[in-house]
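A.B. asks: Dropping a prediction and its sequence here:
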2 protein chains.
Amino acid sequence: MARIERMHLEIVRAIHTQGSVTSAADSLHVTQSALSHSIRKLEDNFNLKIWRRDGKQMHLTQGGEHLLSIANRVLPQLERAEAQLQQFAKGERGTLRVGMECHPCYQWLLKVASPFLRSWPNVDLDVNQKFAFGGVEALYNQDIDVLITPDPLKKLKGLVFEPVFDYEQVLVVNDSHPLHNQDHIVPKQLANEVLITYPVPVERLDVFSLFLTPSGILPKQHKLMETTEMMLQMVACGRGVAALPRWLVIEQQDHFPLVPVKLGKHGIKKKLHLGMRKRDIDIDYIASFIELSRLIQI
Amino acid sequence: MARIERMHLEIVRAIHTQGSVTSAADSLHVTQSALSHSIRKLEDNFNLKIWRRDGKQMHLTQGGEHLLSIANRVLPQLERAEAQLQQFAKGERGTLRVGMECHPCYQWLLKVASPFLRSWPNVDLDVNQKFAFGGVEALYNQDIDVLITPDPLKKLKGLVFEPVFDYEQVLVVNDSHPLHNQDHIVPKQLANEVLITYPVPVERLDVFSLFLTPSGILPKQHKLMETTEMMLQMVACGRGVAALPRWLVIEQQDHFPLVPVKLGKHGIKKKLHLGMRKRDIDIDYIASFIELSRLIQI
DNA sequence: GGCATTCATGAGTTTTACTCATAATTAAAA
DNA sequence: TTTTAATTATGAGTAAAACTCATGAATGCC
């Protein structure tokens, strides 16, 4: 059974646009002889005359016209595809799949996203907040390419974690709250507060693991809230306090009457890290993403 | 610059659907080694990893996924095209372009058209009444494949004419016309009539060339009319007489009060011929068209 | 009729693709 | 852990295909 190869389509197109086998051969960078052999074989394969020999001219038969219409439809698709593969090869095209292990990371990612998308017009950005397993597993499983996390797991085979952003985790209170003008607070000052956090295990909440838990003190009440927006609304209305990055609080002070308060004498200092597979660090748009991440000033 | 060949798309698709290089090689009827060499060359050509080697499994990279989506789009187009070319080769597909040199031929063609289209579902029918040159030139120029004509030009190089249908050219008059009950008429009986004909040179009108002109007699008036329908309307209203095939008059007697009258003692006997290029007589649907033409009984 | 142009063909050569044999790697079984 | 079975990778040799060169045949033009 005969197969239509790409070259067949190129030949049909070239002979049609060039008007003769000889000049088509030139345009395809082969000899007239080679092309003549090729068209003979093509016609033999399909047992179908593609061209009519009218004197020294060649004209397409009905079957040939049909093949030409296929060529004009299919060849541009292949040519476009080649250009796109070149872009993949040069790292100019792809999808950067980003995973996040902390809720406020999303606010930070938004800052990186727009300069990134502007410099890589053919690279898409996929954001993933929920993985089937943990962020590291998602990296290993190729579900994501970059993991944004405040808690890097160093020394994992095949992975690297890069610090990109320093921030301080602070308590956020409404501007008429009793704690609003404290330089810093100690754990027992939260004993009578309603503490609002994201709905994740307490081990993953710095305000617990680094502040409350060591002292054995618990807040009066622990409320869970999905979104940062809603959390801030609640705090602004005096319905509780929360722990968030300082830069996020500062930024929201335009919209809400909020005050950041240091947690402990020295504050809770954190670093946002980007994790990725070692083999991916050469991919241009991934390297660029890391670089842009470091440049973001908040 | 690297080219995407059809085989590359087949390889990407086969490895993806079969799940391994080894079984993909089987499905493509080559050895595992050949396929391994091919994929290496493909990746080298584009300088792009298409697959990730995870242990003994191969998984598509982003570029590979993209190539797969191209394969899934392009390959079915090629496969459909191949099937269509097979149909062209077997003479099951094409366009039969029919030209006509006589106006009432069209009424006759309509009778052949429907059984033809029913037996050749993939063959189109193109009808052409006006050619830049004559019908024979249209055959030579490949503008038409079949010429329907009552006046065949035998012995033309590369062409054949086949008689397919006998008919008699008769005078048609309204049923209250003075001539309506004549067995036949002689030329001078038209001397006081209004004769309605198609707008073509009188040499091509049988009623002139075979009846009036030899006797030197002319009708009282010669009116031109484009369509058969309108001609019959005029005759039915007693505004003139016309010359048409007898079968056409008989057929229209349901709708119009018409009577056919023989032209001359022996009538004008004509044959409809189909002309075509000799090289085309083997094309199945053209042979079939001729055969169906002979079967039409009117 | 010569002359230039175009396509076709056969023989020989180059290039490409393929196979065979085997190594290397990996996952699972013993 | 070692064995075993399965998978991909590689190198060398071979088969097939594509191409070139030289030339023939047909056509259209001056």
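C.D. replies: Structure's in. What do you need? Numbering: from 1, shown residues only, chains lettered A, B, ... in the order given.

A.B. asks: Would you map the helices across chain A?
C.D. replies: A:6-18, A:21-27, A:32-46, A:62-89, A:105-119, A:135-140, A:206, A:213-215, A:228-236, A:246-252, A:284-295 (DSSP state H).

A.B. asks: Next, format those helices as JSON lines and append mean pLDDT, distance to DNA strand D and mean neighbour count.
C.D. replies: Backbone N, C-alpha and C define where each C-beta goes, glycine included. Shown next, in JSON lines, are the helices of chain A (pLDDT from 0 to 100; distance: least, C-beta to the nearest atom of the strand, whole Å; neighbours: other C-beta atoms under 10 Å in any protein chain shown):
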{"stretch": "helix A:6-18", "mean pLDDT": "96", "distance to DNA strand D": "7", "mean neighbour count": "20"}
{"stretch": "helix A:21-27", "mean pLDDT": "95", "distance to DNA strand D": "7", "mean neighbour count": "17"}
{"stretch": "helix A:32-46", "mean pLDDT": "96", "distance to DNA strand D": "3", "mean neighbour count": "15"}
{"stretch": "helix A:62-89", "mean pLDDT": "92", "distance to DNA strand D": "17", "mean neighbour count": "18"}
{"stretch": "helix A:105-119", "mean pLDDT": "92", "distance to DNA strand D": "32", "mean neighbour count": "16"}
{"stretch": "helix A:135-140", "mean pLDDT": "83", "distance to DNA strand D": "20", "mean neighbour count": "19"}
{"stretch": "helix A:206", "mean pLDDT": "92", "distance to DNA strand D": "40", "mean neighbour count": "18"}
{"stretch": "helix A:213-215", "mean pLDDT": "93", "distance to DNA strand D": "39", "mean neighbour count": "13"}
{"stretch": "helix A:228-236", "mean pLDDT": "92", "distance to DNA strand D": "46", "mean neighbour count": "18"}
{"stretch": "helix A:246-252", "mean pLDDT": "93", "distance to DNA strand D": "46", "mean neighbour count": "18"}
{"stretch": "helix A:284-295", "mean pLDDT": "92", "distance to DNA strand D": "23", "mean neighbour count": "17"}
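
A.B. asks: Take these and lay them out in a markdown table including distance to B:Ile11.
C.D. replies: Output for the helices of chain A, formatted as a markdown table (distance: least, C-beta to C-beta, whole Å):
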| stretch | distance to B:Ile11 |
| --- | --- |
| helix A:6-18 | 14 |
| helix A:21-27 | 28 |
| helix A:32-46 | 21 |
| helix A:62-89 | 14 |
| helix A:105-119 | 33 |
| helix A:135-140 | 27 |
| helix A:206 | 51 |
| helix A:213-215 | 56 |
| helix A:228-236 | 48 |
| helix A:246-252 | 50 |
| helix A:284-295 | 27 |
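
A.B. asks: Of all those helices, which one comes closest to chain B?
C.D. replies: helix A:62-89 (3.7 Å; C-beta to the nearest C-beta).

A.B. asks: quick revisit: include distance to chain B when you put the helices of chain A into JSON lines, please.
C.D. replies: Below are the helices of chain A laid out as JSON lines (distance: least, C-beta to the nearest C-beta, whole Å):
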{"stretch": "helix A:6-18", "distance to chain B": "5"}
{"stretch": "helix A:21-27", "distance to chain B": "15"}
{"stretch": "helix A:32-46", "distance to chain B": "5"}
{"stretch": "helix A:62-89", "distance to chain B": "4"}
{"stretch": "helix A:105-119", "distance to chain B": "17"}
{"stretch": "helix A:135-140", "distance to chain B": "10"}
{"stretch": "helix A:206", "distance to chain B": "35"}
{"stretch": "helix A:213-215", "distance to chain B": "40"}
{"stretch": "helix A:228-236", "distance to chain B": "31"}
{"stretch": "helix A:246-252", "distance to chain B": "32"}
{"stretch": "helix A:284-295", "distance to chain B": "11"}
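
A.B. asks: Which of the ones you listed sits closest to B:Val160?
C.D. replies: helix A:62-89 (19.7 Å; C-beta to C-beta).

A.B. asks: Helix B:62-89 and that closest one, what's the angle between them?
C.D. replies: 180 degrees (axes from the mean of the first three to the mean of the last three C-alpha atoms, to 10 degrees).
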